[in-house]
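Q: this one's structure only:
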């Protein structure tokens, strides 16, 4: 298996623009997680899905952030409009039930 | 509610010496405990886990961890550190759905 796939790997955009991050989990995994990592705040859980259904989005910073999982093999995290404070590395991870989480390589987002 | 504490932001050891990275946890019920490692510009990678059974768990790259229920600890250990072990290490406890991660400990192994 190719592991968790994220795209793009790097994204540079200007404040106010819409940003869409994409994730393909490992086939057969029923949980999908979106995390954000910064030096100041460390690793933060934004939202997670179980069987394509959002379970806990309490970590989503504000209404500018939204996430979808239209099917078992694809998820998106959208920021609209983006702000400089959204600059971070965004990770997607997947797992089978409560077992090990497998992380993607991350998307490094820079908002100018 | 579940929580994890990694009391040391930084651990420095000399190559060849034993290393310990500390972790304590709080969770209702039986704990599912994990250690992950993150190298620069990479995602987190699984090292080892404790679900049930033997309190000493062996994992990747020669690492091991000891589950101590009375002290609610799950310290990561390695008998002989390598320079290549230098990285950021996360302890995590998994609940019914999500995991709670510690703040991470930066391990630096000096030649």
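A: Nice, thanks for sending it over. Here the structure is a predicted model, which is why all the values come from computation and not from measurement. Numbering: from 1, shown residues only, chains lettered A, B, ... in the order given.
Q: need the three-state assignment for the residue of chain B found nearest chain A.
A: Ranked by Cβ to the nearest Cβ, the top residue of chain B for proximity to chain A is residue B:43, at 3.5 Å. The way it works is simple: take the backbone N, C-alpha and C, and place the C-beta from them, glycine included. For residue B:43, the secondary-structure state derived from DSSP: H, G, I helix; E, B strand; the rest coil is coil.
Q: what sits against it?
A: Contacts for residue B:43 (Cβ atoms under 8 Å, 6 or more residues apart in numbering or on different chains) come out as A:4, A:91, A:93, A:103, A:104, A:105, A:106.
Q: pLDDT score assigned to it?
A: Note on residue B:43: pLDDT of 93.
Q: I'd like to know which elements the worst-scoring helix or strand of chain B on mean pLDDT is packed against.
A: Sorting the helices and strands of chain B by mean pLDDT, DSSP states H and E puts strand B:99-101 at the bottom, at a mean of 92. For strand B:99-101, the packing partners by 3 or more Cβ pairs under 8 Å, 6 or more residues apart in numbering or on different chains; DSSP states H and E come out as strand A:42-50, strand B:3-5, strand B:87-94.
Q: what does chain A put close to chain B?
A: Residues of chain A found near chain B (Cβ under 8 Å from any Cβ of the partner chain) are A:4, A:31, A:33, A:42-43, A:45, A:48, A:50, A:55-56, A:91, A:93, A:98-106.
Q: nearest residue to residue B:46 other than its sequence neighbours?
A: residue A:100 (4.8 Å; Cβ to Cβ, 6 or more residues apart in numbering or on different chains).
Q: let me fix that, I meant to ask about residue A:22.
A: Among residues not flanking residue A:22 along the chain, residue A:7 sits closest, at 4.8 Å (Cβ to Cβ, 6+ apart).
Q: residue 111: neighbour count?
A: No chain was given, so I picked chain A. 20 (other Cβ atoms under 10 Å in any protein chain shown).
Q: wait, I meant chain B there
A: 7.
Q: who does the helix or strand hosting residue B:109 touch, helix- and strand-wise?
A: Following DSSP states H and E, one finds residue B:109 within strand B:105-110. Helices and strands touching strand B:105-110, by 3+ Cβ pairs under 8 Å, 6+ apart, are strand B:10-14, strand B:19-21, strand B:87-94.
Q: I'd like the helices and strands packed on strand B:99-101 as CSV, with mean pLDDT, mean neighbour count and distance to residue B:61 appended.
A: Output for these, formatted as CSV (pLDDT from 0 to 100; neighbours: other Cβ atoms under 10 Å in any protein chain shown; distance: least, Cβ to Cβ, whole Å):
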stretch, mean pLDDT, mean neighbour count, distance to residue B:61
strand A:42-50, 95, 20, 21
strand B:3-5, 94, 16, 21
strand B:87-94, 96, 23, 10
